[in-house]
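> show me how the following folds:
(one chain, ligands or ions: 2)
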Amino acid sequence: MAPTVITACSVRDIRFPTSLERDGSDAMNKAPDYSCPYVVLTTDVVGVEGHGITFTVGKGNEIVCHAVRVLSKMVVGQKVNEIYSDFGKFWQTLTSEDQMRWLGPEKGVMHLAVAAVVNALWDLWAKIEGKPLWKLLADMEPEKLVSTIDFRYMHDVLTPEEAIEMLKKSQDGKQEREAEMLAKGYPCYTTSCGWLGYEDEKIERLCREALEEGFTRFKAKVGADIEDDRRRCRLIRKLIGPNNILLVDANQRWEVQQAIDWMKELADSKITWIEEPTSPDDILGHLQIAKALNPLGIGVATGEQCQNRIMFKQFLKSGAMQFCQIDSCRLGGVNENLAVILMAHKFGVPVCPHAGGVGLCELVQHLSIFDYICVSGSLENRMTEYLDHLHQHFKAPCVVREGNYIPPQAAGYSVDMKESSLNDYEWPTGRVWQDLIASGKYTAE
Ligand SMILES: C[C@H](O)[C@@H](O)[C@@H](O)[C@H](O)C(=O)O
Ligand SMILES: [Mg+2]
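Ligands and ions are numbered 1, 2, ... in the order given. You can find the predicted model right below:
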């Protein structure tokens, strides 16, 4: 039986103590605790639920949870059919509430909360249709798919009509590409070896293991100390050989000129991209860096903290971004990610999503697989991030084989976490947190 109405929206503050091992550490985030507000939408049919998350690095997760509670009033009581028959319009109402909009607009805490709720709505839709999200998207008629997007502030670069046309053009070879994805999967790179807080020996061991597992693309954190970076990049390059791909990520650490100078020092390690060299809001700064590093064969990648489609529009149109890093939880859920995927296609910029954190790999694999089957039709210069953390908490964790994401088969958006994990890691009452607080490793503030 199909549900007709959303009956409740709950949210839990889930956190993992990743900072204890410096997992996820970078030049700006020295001790992140990967966290997520975990949203559950229930319906009038018992057991038919939509689950959604967004991502934070610890403190502040409760603020996003609160924002979700505020938004939930706009979702509870809504008719399921009405949401999905004009999802673009519903998305716009969620981001445009008269007074809450002042807190954004379409950025920051409110937008993270929108992402969690909207991701839950897509999970629900895919579950109702009995398909994994990538397949729901891949099977959708271009007109329907485009109707889920809010084109406000985008018409100067992409209209709905143009988007439909683009999708229709990409229908050729769709079946073959879907079969190819099912057989081989979508290429990914690993960041697990190169966190800034790791010792060289650990980097070395992890690189070797990743090579054995079939990875050919690696990312390392840089930006705190030039000597360290030079040494670590050369070490990784030596370990992975001359032909594998090396990416680096500065997590916004530098001024514009500093980024250019620093990267010139690292260029001999043959680096494909520098990620987030400076403030994520500095489009002109990124452009300047891109122009200066282009002769060295280094492109600029950014997007994990790019606030919305309007910012992406400017990055893409100006040439400030050579690799477009959409994020399933920073943008306002699937709808806005679709908008950016289509704009990137128009400007010929490869989409290489940000993942990792908690659950981001599970979610974003769906978007990459859809992108290949229905939009870009190309794997050139394309790869999605992968991190080897926290997958054990998901009911259907992502599967990576030989450095490729294998398309998920379970219905939904792969969000569902195990009840035991939710109970253990709920902040601050879960068993794991209670133990850590009792041992003095954390304070419940
Ligand atoms: C704090 C986080 O681990 C970040 O370092 C991470 O998202 C990173 O920028 C990445 O690209 O994976
Ligand atoms: Mg990054």
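> so which bits of stretch 245-264 are buried?
245-254, 256, 258-260, 262-263 (16 or more other C-beta atoms under 10 Å). C-beta: built from backbone N, CA, C; applies to glycine.
> so how far is Q307 from the residue nearest the centre of the chain?
What sits nearest the mean C-alpha location of the chain, by C-alpha atoms, centre = their mean, is D327, with 2.8 Å. To Q307, D327 is 10 Å away according to C-beta to C-beta, to the nearest Å.
> ditto for D200
Counting by C-beta to C-beta - D200 and Q307 are separated by 36 Å.
> of these two, who's got more company?
Comparing D200 with Q307 by other C-beta atoms under 10 Å, the one with more neighbours is Q307, at 18 against 12.
> excluding chain neighbours, what is closest to the more buried one?
The shortest distance from Q307 to any residue other than its chain neighbours is 3.9 Å, reached at K107 (C-beta to C-beta, 6 or more residues apart in numbering).
> before we move on, back to that, my guess is the residue nearest to the centre of the chain contacts C361. True?
No - the criterion here is C-beta atoms under 8 Å, and D327 misses it with C361 at 11.7 Å.
> thinking the residue nearest to Q307 is in contact with R309, fair?
No - applying C-beta under 8 Å, one finds K107 not in contact with R309, separated by 11.1 Å.
> so which of these two has more stuff around it?
Neighbours per residue (other C-beta under 10 Å) separate K107 from R309, with R309 holding more: 28 against 19.
> now for that one: which residues touch it?
By C-beta atoms under 8 Å, 6 or more residues apart in numbering, the contact set of R309 is Y153, M154, L331, E336, A339, V340, M343.
> from the residues you listed, which ones fall inside helices?
Of these, the ones assigned to helices by DSSP state H are E336, A339, V340, M343.
> residue in the protein with the shortest distance to ligand 1?
G24 (3.3 Å; C-beta to the nearest ligand atom).
> how close does that residue sit to Q392?
From G24 over to Q392 (counting by C-beta to C-beta), the distance is 16 Å.
> looking at those two, which has the bigger crowd around it?
Legend: neighbour count by other C-beta under 10 Å for G24 and Q392, higher for G24 (27 against 8).
> and the closest residue to the more buried one other than its chain neighbours, how many neighbours?
In space, and not counting its chain neighbours, G24 is closest to P32: 4.5 Å by C-beta to C-beta, 6+ apart. Neighbour count of P32, defined by other C-beta under 10 Å: 20.
> same thing with D424?
Using other C-beta under 10 Å: D424 sits among 17 other residues.
> how about the secondary structure of it?
helix (DSSP: H, G, I helix; E, B strand; the rest coil).
> report the contact partners of it.
G430, R431, V432.
> do the same with L338
L137, L145, T148, I149.
> give me the helices and strands touching the helix or strand where the second one lies, please.
Under the criterion DSSP states H and E, the helix or strand holding L145 is helix 142-147. Using 3 or more C-beta pairs under 8 Å, 6 or more residues apart in numbering; DSSP states H and E as the contact criterion, the elements in contact with helix 142-147 are helix 160-169.
> so which bits of the helix it packs on are buried?
So for helix 160-169, counting by 16+ other C-beta under 10 Å, buried means P160, A163, I164, M166, L167.
> same thing with stretch 10-28?
Using 16+ other C-beta under 10 Å as the test for burial, stretch 10-28 gives 11-19, 22-28.
> show me where the stretch 51-200 of the chain has its helices.
With DSSP state H, counting those that start in this stretch as the criterion, the stretch 51-200 of the chain has helices at 61-75, 80-85, 87-95, 108-129, 133-139, 142-147, 160-169, 174-184, 200-213.
> just these: most buried one?
helix 108-129 (a mean of 25; mean count of other C-beta atoms under 10 Å).
> angle of that helix against helix 87-95?
150 degrees (axes from the mean of the first three to the mean of the last three C-alpha atoms, to 10 degrees).
> any idea of the mean pLDDT in helix 108-129?
The average pLDDT within helix 108-129 is 98.
> with only the CA atoms kept, save that helix in CSV.
C-alpha atoms of helix 108-129 as CSV (Å, rounded to 0.1, in the frame of the first residue of the first chain):
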residue,chain,number,x,y,z
GLY,A,108,24.5,27.7,6.4
VAL,A,109,22.6,25.9,9.1
MET,A,110,19.2,26.3,7.5
HIS,A,111,20.4,24.8,4.2
LEU,A,112,22.0,21.8,6.0
ALA,A,113,18.7,21.2,7.6
VAL,A,114,16.9,21.5,4.3
ALA,A,115,19.4,18.9,2.9
ALA,A,116,18.5,16.4,5.7
VAL,A,117,14.8,16.7,5.2
VAL,A,118,14.9,16.7,1.4
ASN,A,119,17.2,13.7,1.4
ALA,A,120,14.7,11.9,3.6
LEU,A,121,11.9,12.8,1.1
TRP,A,122,14.0,11.3,-1.8
ASP,A,123,14.7,8.2,0.3
LEU,A,124,11.0,7.8,0.8
TRP,A,125,10.2,8.3,-2.8
ALA,A,126,12.7,5.7,-3.9
LYS,A,127,11.4,3.3,-1.3
ILE,A,128,7.8,3.8,-2.5
GLU,A,129,8.9,3.1,-6.0
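> is it in proximity to ligand 1?
No - applying C-beta under 6 Å from any ligand atom, one finds helix 108-129 separated from ligand 1 by no less than 13.9 Å.
> so what angle separates the directions of that helix and helix 61-75?
Comparing the axes of helix 108-129 and helix 61-75 via the same axes, to 10 degrees yields an angle of 60 degrees.
> how much space separates the nearest residue to L167 once chain neighbours are set aside from ligand 2?
Excluding the flanking residues, the one nearest L167 by C-beta to C-beta, 6+ apart is P142, at 3.7 Å. Using C-beta to the ion, to the nearest Å, P142 is found at 32 Å from ligand 2.
> which residues touch P142?
P142 sits next to A163, I164, L167, K168, Q171 when contact means C-beta under 8 Å, 6+ apart.
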